[in-house]
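A.B. asks: with the input below, show me the fold.
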Amino acid sequence: MAPLFQNIAIEPCLLHGDLWSGNISSDKNGEPVILDPACYYGHNEAEFGMSWCAGFGGSFYNAYFEVMPKQPGFEKRREIYLLYHYLNHYNLFGSSYRSSAMSIIDDYLLMLGV
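C.D. replies: The predicted structure follows:
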C-alpha cells in the first residue's frame, strides 16, 4: 500500500473523526453545527471514512475540495479510510458491515497480487 502514499503532500490537520449526517445540525440562525467530535490529527482524507453514511451532497464535496484539493490516488486511499470505519462498525454493531469490509480487503489483496 505504500505506493498509494508516495509523492503526495500530507499535512496533518484536525479532523472531526466521526463526520456523518447524524453529527450535523444547525443552530437557531440556520448556521451549521458539528456535533459529537472524535477529534484527532491526521491526513485530511481520513475524514471521508464515514462518507458511506454521511449523506452530504455534491456541493459539500465540491467546497471541501476547493479548500483541500484531491491528490493523485485519492479514490484508492479513500477505500482504506472507509475500511477502518467498516471494521470498527463490524466490531461494534455486528455482521451487517462484514461484506463491505471484505469487499475492500479483497480489492486490496488483488491489487497487491496476494
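
A.B. asks: from here on, just use CA atoms for contacts and neighbour counts.
C.D. replies: Noted.

A.B. asks: pLDDT score for L4?
C.D. replies: With respect to pLDDT, L4 scores 88.

A.B. asks: same deal with S51?
C.D. replies: At S51, the model reports a pLDDT of 84.

A.B. asks: now do the contacts for it.
C.D. replies: The contact partners of S51, taken as CA atoms under 8 Å, 6 or more residues apart in numbering, are L19, W20, L82.

A.B. asks: separation between the second one and E11?
C.D. replies: This means W20. Distance, W20 to E11, using CA to CA, to the nearest Å: 23 Å.

A.B. asks: those two: which has the busier surroundings?
C.D. replies: Using other CA atoms under 10 Å as the criterion, W20 and E11 rank with W20 on top: 20 against 9.

A.B. asks: thought F48 was touching the more buried one, still the case?
C.D. replies: No: counting by CA atoms under 8 Å, W20 sits too far from F48 to count as a contact (9.2 Å).

A.B. asks: give the rounded mean pLDDT of whichever strand or helix holds I80.
C.D. replies: Secondary structure from DSSP states H and E places I80 in helix 74-93. Model confidence over helix 74-93, given as mean pLDDT, is 94.

A.B. asks: which residues touch it?
C.D. replies: With CA under 8 Å, 6+ apart as the test, helix 74-93 has contacts from 4-5, 45-52, 96-98, 100-101, 104-105.

A.B. asks: which of these fall within helices?
C.D. replies: R98, S100, A101, I104, I105 (DSSP state H).
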